[in-house]
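> Mind looking at a prediction? Sequence and model below.
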Amino acid sequence: MSNKQFEYRRVQIERYVKAEYEKKFRKNARVSIRKRHKFMDDMTKKVSKKFGKDVLCLIDFSKGGFVSLIAPSKAKSTDLGRLFSSFTHTQVAYTSHCVDRFSQRTDSTENCVIKMDTYITDALLTYGENDGHLTCPSGVFVYEIMEGRLIIKTYINFDLLSDKQIEKFYGSGTATILPKEYIAREHGDADFRLVDEE
């Protein structure tokens with residue numbers, strides 16, 4: 001996104017948040033922590049719905065709703081649609097389809113690129129175990145390598161996986177990153193056991 005586009009979008013978001021702040025709170029009023037959290041949750045939902053899920057805005061309550069904005073991730077148009085660059089992994093990019101699916105399947109209204117970056121950090125540890133797929137405790141990312149970059153095409157959360165897919169993606173090689181609710185506390189409750197190789 002060019003600087004002009006970003007500046008235009010930033011001004012729009014700041015005006016929108018400031019108007020919402022003025023509707024909700026009196027000028028120079030002290031705002032409780034509970035009300036701050038509620039307002040920030042509401043603004044996150046509204047801003048992501050109105051301006052996109054790649055935007056993160058921070059509200060400074062000490063300055064009467066002053067908003068600072070962290071630039072959205074760099075995006076470029078390709079044959080796969082828009083690609084959003086990862087903030088933390090320079091060789092990783094997410095398709096717009098992936099951002100939408102991740103948002104729907106995790107019921108996330110916050111900045112999806114930042115949240116996916118935290119998930120992908122775990123998932124990258126499983127690179128090479130399942131060709132075209134990376135696993136993390138919450139689900140599976142489908143990827144393709146293009147021009148030396150890892151393009152994350154979609155996200156499937158754990159609840160949507162079939163038993164066959166769970167067996168394939170979370171076999172003995174990746175069983176250590178299963179969600180905690182799938183790990184038995186007692187030996188007798190387990191369907192299978194992992195044994196250290198000697």
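Thanks, I have it.
> To what extent is residue 61 buried, counted in neighbours?
18 (other Cβ atoms under 10 Å). Every residue, glycine included, has its C-beta placed from N, CA and C.
> Go through the helices and strands of the chain and name the one with the lowest mean pLDDT.
strand 66-70 (a mean of 58; mean pLDDT, DSSP states H and E).
> Could you chop the chain up by domain?
The chain breaks down by automatic domain parsing into domains covering 3-70, 75-182.
> most neighbours per residue, which of those?
domain 75-182 (a mean of 16; mean count of other Cβ atoms under 10 Å).
> Could you check how far the nearest residue to residue 127 once chain neighbours are set aside is from residue 95?
Take residue 127 and drop its neighbours on the chain: the residue closest to it by Cβ to Cβ, 6 or more residues apart in numbering is residue 134, 6.2 Å away. To residue 95, residue 134 is 14 Å away according to Cβ to Cβ, to the nearest Å.
> ditto for residue 104
With distances taken as Cβ to Cβ, residue 104 is found 14 Å from residue 95.
> still on that earlier bit, which of the domains of the chain has the lowest average pLDDT?
Mean pLDDT across the domains of the chain is lowest at domain 3-70; the value there is a mean of 75.
> How far off centre is it?
20 Å (Cα atoms, centre = their mean, to the nearest Å).
> and residue 46, what helix or strand is that in?
Assessed by DSSP states H and E, residue 46 sits inside helix 33-51.
> Restrict that helix to CA atoms and write it as PDB.
C-alpha atoms of helix 33-51 as PDB (Å, rounded to 0.1, in the frame of the first residue of the first chain):
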ATOM      1  CA  ILE A  33     -10.700  -0.400  32.900                       C
ATOM      2  CA  ARG A  34     -13.900  -2.500  32.300                       C
ATOM      3  CA  LYS A  35     -15.300   0.300  30.000                       C
ATOM      4  CA  ARG A  36     -12.000   0.600  28.200                       C
ATOM      5  CA  HIS A  37     -11.900  -3.100  27.500                       C
ATOM      6  CA  LYS A  38     -15.500  -3.100  26.200                       C
ATOM      7  CA  PHE A  39     -14.900   0.000  24.000                       C
ATOM      8  CA  MET A  40     -11.600  -1.500  22.600                       C
ATOM      9  CA  ASP A  41     -13.400  -4.800  21.800                       C
ATOM     10  CA  ASP A  42     -16.200  -2.900  20.100                       C
ATOM     11  CA  MET A  43     -13.800  -0.700  18.100                       C
ATOM     12  CA  THR A  44     -11.700  -3.700  17.100                       C
ATOM     13  CA  LYS A  45     -14.800  -5.400  15.600                       C
ATOM     14  CA  LYS A  46     -16.100  -2.300  14.000                       C
ATOM     15  CA  VAL A  47     -12.800  -1.100  12.500                       C
ATOM     16  CA  SER A  48     -11.900  -4.600  11.200                       C
ATOM     17  CA  LYS A  49     -15.400  -4.800   9.600                       C
ATOM     18  CA  LYS A  50     -15.300  -1.300   8.100                       C
ATOM     19  CA  PHE A  51     -11.600  -0.900   7.200                       C
END
